[in-house]
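Colleague: got a structure for you, letters missing:
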C-alpha cells in the first residue's frame, strides 16, 4: 500500500491523475471493492489523486448496491449504462472497427449482412464483436470473400446462439 501511495503521489507531482479501470467488476466480492474504495481515499491535503472506474454487466448495480458497501456508494459519482445500438449505429460501429483494423467493412461484409448482424445481436456491442469476429474467421477458414447471410447463419449455429420464440 505504501508503494502504491508513493506511485500515486509521484504521478500527482508530475501533473498526472491516476485512473484505475476494473473491467468485469460485477465479479468482485465486497472485500475487493472495499480495498478499491480505500485506494480512492489516497489524496493530498487538497484533492483526490486517483479515480476508479468500475465497468461490467448490469449485475454490477446489484454488487455496488450491497448494504455492506455504503461507503463505496457514497463515493460513487456517476453510473452510466451502455444501451443497445440502433441499426445505423451498429453499421457505423462495424465500419469503424474494421477501418481501425485497416480494412473496409463494405468489402468484407455483404450489404444485407449489416441489418442481420443488428437483428441477431440486438445492437449489443459485445455481441456484435463476437458475431463479426467469428464470421470473419469463418470466411478466412472457408476462403470466402465476404460475410454474407449464409455465413452468419452458420456462425450463429456454431456459437449456439438461441432466442426465445416470439409470442
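Modeller: Happy to help now that I have it. As the structure is a computational prediction, the values presented were derived from the model and not from experiment. Numbering: from 1, shown residues only.

Colleague: how about the secondary structure of the closest residue to residue 59 other than its chain neighbours?
Modeller: With sequence-adjacent residues excluded and distances taken as C-beta to C-beta, 6 or more residues apart in numbering, residue 59 is closest to residue 26, at 4.6 Å. (C-beta placed from N, C-alpha, C; glycine too.) Assigned by DSSP: H, G, I helix; E, B strand; the rest coil, the conformation of residue 26 is helix.

Colleague: quick check, pLDDT for residue 26.
Modeller: Predicted confidence (pLDDT) for residue 26: 92.

Colleague: count of residues packed around it?
Modeller: 16 (other C-beta atoms under 10 Å).

Colleague: let me see the contact set for it.
Modeller: Contacts were defined as C-beta atoms under 8 Å, 6 or more residues apart in numbering; by that measure residue 26 touches 56-57, 59-60, 62-63.

Colleague: please repeat the previous calculation with a cut-off of 6 Å.
Modeller: Residue 26 sits next to 56-57, 59-60, 63 when contact means C-beta atoms under 6 Å, 6 or more residues apart in numbering.

Colleague: just flag the most distant two among those residues.
Modeller: Of all pairs drawn from those, the one with the longest distance (C-beta to C-beta) is 57 and 63, at 9.7 Å.

Colleague: neighbour count winner among the two?
Modeller: Shown here are residue 57 and residue 63; by other C-beta under 10 Å, residue 63 has more neighbours (19 against 13).

Colleague: name the nearest residue to the more buried one, sequence neighbours excluded.
Modeller: residue 26 (5.4 Å).

Colleague: measure that neighbour to residue 69 for me?
Modeller: Per C-beta to C-beta, to the nearest Å, residue 26 is found 13 Å from residue 69.

Colleague: now do residue 103
Modeller: In terms of C-beta to C-beta, residue 103 sits 44 Å off from residue 69.

Colleague: how about residue 80?
Modeller: From residue 80 to residue 69 the distance is 19 Å (C-beta to C-beta).

Colleague: ok, residue 156 next?
Modeller: Distance from residue 156 to residue 69, by C-beta to C-beta: 39 Å.

Colleague: isn't residue 72 up against residue 39?
Modeller: No. Between residue 72 and residue 39 there is no contact under C-beta atoms under 6 Å: 11.3 Å.

Colleague: for the two, indicate the residue with more neighbours.
Modeller: Using other C-beta under 10 Å as the criterion, residue 72 and residue 39 rank with residue 72 on top: 21 against 16.

Colleague: which of the three states applies to the more buried one?
Modeller: Quick answer, by three-state DSSP: residue 72 is helix.
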